[in-house]
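**Q** Just a sequence and a predicted model for now, questions to come.
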Amino acid sequence: MAVWARLELGLLLAVLVVSVTAVQPARLLTLLSSGQGALDRVALGSLLNTLAARVHCTDGPCGKCLSVDDALALGSPEKSGAPSGPVLEPRHIPRLSAAAALYLSSPEATCTDVRAGLWASRADRLLALLEGPEALTPGLTRLLQRIQAPAQAADQSTSEACVDLPQLLAEAAGAGAPGSPGPVLAALLDHVRSGACFRALPTPQYFVDFVFRQHDSETPNITLAELAALMQRLGVGGVTETHDDHSDHSHLGEEAEHKDPVAPTTPNSSSSVWDTLCLSAGDVMAVYGLSEQDGVTPEAWAQLSPALLQQQLSGACSPQSGHPTQDQLSQVERYLYGSLATLLICLCSIFGLLLLTCASCSTATHYIIQTFLSMAVGALTGDALLHLMPKDPKDRPCSHGHSHGGHSHGVSLQLAPSELRPPKQPHEGSRTDLVEEESPELLSPEPRKLRPELRLLPYVITLGDAVHNFADGLAVGAAFLSSWKTGLATSLAVFCHEVPHELGDFAALLHAGLSVRRALLLNLASGLTAFLGLYVALAVRVGEDSETWILAVATGLFLYVALCDMGPPPPQLPAMLNVRDQRPWLLFLLHNVGLLGGWTVLLLLSLYEDNITL
């Protein structure tokens, strides 16, 4: 009987072992990396129960808003209308992991999204936001902070045995997918299923280790020379004097000058994913388990010092280490979109063809040209007074660099129509002379005989336009270096103030005696220099270092063109004031329409340019 009892007990234990092994869920990261297997309704139900038991809602119990059908719906294409499959395949695991992470971080909002049918799209958006090595580490850090239990998050220093971000990244890399958000979130969900805790921030010892990882001597301690170099980088301390009995007989100040053992942007091979993470004051206090209500005691300040030192040395919070936004373009996309935008701007010259519709009507052509000339005066003075002068670089917010309203573009947009631009009209041959005592005669497509002093004027205008359009290309190229939204907004703004300028120049070329065909050809040729400026900006990456002096020179030149070449000081009156016409009131009305139209466009652009977003 004893033998039978032992045999029955052994069989029972074997059945229990087999049963436990059979219900043990497969790891999501393993399924994703192998591409084999699936998650059926039983596995998904167990996962959802684990998620529901782990979340903590601020307004009481969250309830179970997730169903197996909701999870299975993550495997069907969005808005396809197709029924959900019976299982989730390995290719659906990244979306499932992202959706589960959203539920763990914000259960109330996720339940709202589930009821609205937006759970899958929110998961896809999270995966897109975490794409790229620059966005993955800070994004996952904030996500882990929200997933942590409230008690655990309040005392970060006691969670050294918990799973942290470096471990998740290492597991994803071990599965053959380093730096990809899907495998990292799958590893995160595996640890959630096993009941693990998480640590969103580094341990206090990390900051000490970071400083000591910077020195390259054979001893485990920081040498005097390295300490001097460290203090020099931090901008503290004075010059350390050396003694004659030192073996190297060298000045530590000189050694610190030539040796740079604490380069903040080039950590050695043992660097951590925390090295580029910018921590807030609350994060630093959470690392050391300090209460925000109690503040930092003198004793705790000594503990915080390594963290502050690490943040300074790593340069993680410096402006130059900011992470690119998701709106940034690849190099190919910058050239493609920049070229398309510049082409549209160059086609402003084609607007001169509008004059051809009235080529058989000399009176209408005369009034159209006068309107365009007055519009050019309004746009020129509006650009000078509303855009260039108010944009003092010292008054701009530091967080926006050298932004121009809502769109930052390296060389400010106001420099585009005027940067180092020579006056389009010489003093002896300005547009004032072109229509002096003008009568509204027909502007024939054929060239008329020019006075000797005006023969070179069309080419001077074309040369000025070429420099002008080159600066426009610089502005557009620098804008697309920032993001596609900034590039498009800048292109629209440049287009707005280019239309009156180009039409005015086209009218001036016609008044100078050129045929319509030749005037249009010269206008198009000058517009092509915008492509040169675009490609120079994209290749050289024009920055803000020289913007201050460029802005000063451009402001002076633009004001000269606006107030002197086209201004009213006697004895030279502006061209539009020298016209004699049989309908003076109509001409007066058209001049005011052009002037007010040019000023209005630039005024609206100056007032609402902050709102040019997509």
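**A** Ah, there it is.
**Q** Pop out the phi and psi values for Leu39.
**A** Dihedral angles of Leu39 (phi, psi; degrees, to the nearest 10) stand at phi -110, psi 110.
**Q** thought it was touching Val87?
**A** Yes. Leu39 lies in contact with Val87 (CB atoms under 8 Å); the separation is 6.0 Å. (Glycine included, C-beta is placed from N, CA and C.)
**Q** Which one's more surrounded, the two?
**A** Shown here are Leu39 and Val87; by other CB atoms under 10 Å, Leu39 has more neighbours (23 against 15).
**Q** give me every residue that touches that one.
**A** Leu28, Leu31, Leu47, Val87, Leu88, Ile93, Leu96 (CB atoms under 8 Å, 6 or more residues apart in numbering).
**Q** what is it paired to in the beta sheet?
**A** Leu88 (DSSP bridges).
**Q** Name the SS class of Asn221, please.
**A** Secondary structure assignment for Asn221 (DSSP: H, G, I helix; E, B strand; the rest coil): coil.
**Q** Show the contacting residues for it.
**A** No residues are in contact with Asn221 under the rule CB under 8 Å, 6+ apart.
**Q** Phi, psi for it please.
**A** phi -100, psi 160.
**Q** Helices along the stretch 51-200 of the chain, start to end?
**A** 68-73, 93-105, 107-116, 119-129, 133-147, 150-154, 165-174, 181-193 (DSSP state H, counting those that start in this stretch).
**Q** Just give me the lowest mean pLDDT stretch among these.
**A** Ranked by mean pLDDT, these end with helix 150-154 at the bottom, a mean of 49.
**Q** number of nearby residues for Ala281?
**A** Counted with other CB under 10 Å, Ala281 comes out at 11.
**Q** tell me the contacts of it?
**A** The contact partners of Ala281, by CB under 8 Å, 6+ apart, come to none.
**Q** what's the answer for Pro90, then?
**A** Leu31, Leu32, Ser34, Gly35, Gln36, Gly37, Ala38.
**Q** pLDDT at it, what is it?
**A** Reading off the model, Pro90 has pLDDT 86.
**Q** Distance of it relative to Leu39?
**A** In this view, Pro90 and Leu39 are 9 Å apart by CB to CB, to the nearest Å.
**Q** Check Leu126 too.
**A** In terms of CB to CB, Leu126 sits 19 Å off from Leu39.
**Q** repeat for Ala530
**A** 55 Å.
**Q** do Thr297 as well
**A** 50 Å.
**Q** Same check on Ala99?
**A** In terms of CB to CB, Ala99 sits 13 Å off from Leu39.
**Q** buried set for whichever strand or helix holds Ile461?
**A** Assigned by DSSP states H and E, Ile461 falls within helix 457-482. Using 16 or more other CB atoms under 10 Å as the test for burial, helix 457-482 gives 457-458, 460-482.
**Q** now swap in stretch 165-174 and tell me
**A** Those would be Leu165, Leu168, Leu169, Glu171, Ala172, for stretch 165-174 by 16+ other CB under 10 Å.
**Q** Stretch 193-206 now?
**A** Arg193, Phe198, Arg199, Ala200, Leu201, Pro202, Thr203, Pro204, Tyr206.
**Q** Identify the residue nearest Arg185 in space, chain neighbours excluded?
**A** Small correction: residue 185 is Leu, not Arg. In space, and not counting its chain neighbours, Leu185 is closest to Ser97: 3.7 Å by CB to CB, 6 or more residues apart in numbering.
**Q** and the one you found, what does it touch?
**A** Counting by CB under 8 Å, 6+ apart, Ser97 has contacts Leu28, Gly182, Leu185, Ala186, Leu188, Leu189.
**Q** now, among these, which is nearest to Ala525?
**A** Checking the contacts of Ser97 against Ala525 with CB to CB, the nearest one is Gly182 at 51.7 Å.
**Q** For the closest one, give its distance to Leu32.
**A** Taking CB to CB, one finds Gly182 at 7 Å from Leu32.
**Q** which one of these two has more residues nearby?
**A** Neighbours were counted for Gly182 and for Leu32 using other CB under 10 Å; Leu32 has more, 26 against 22.
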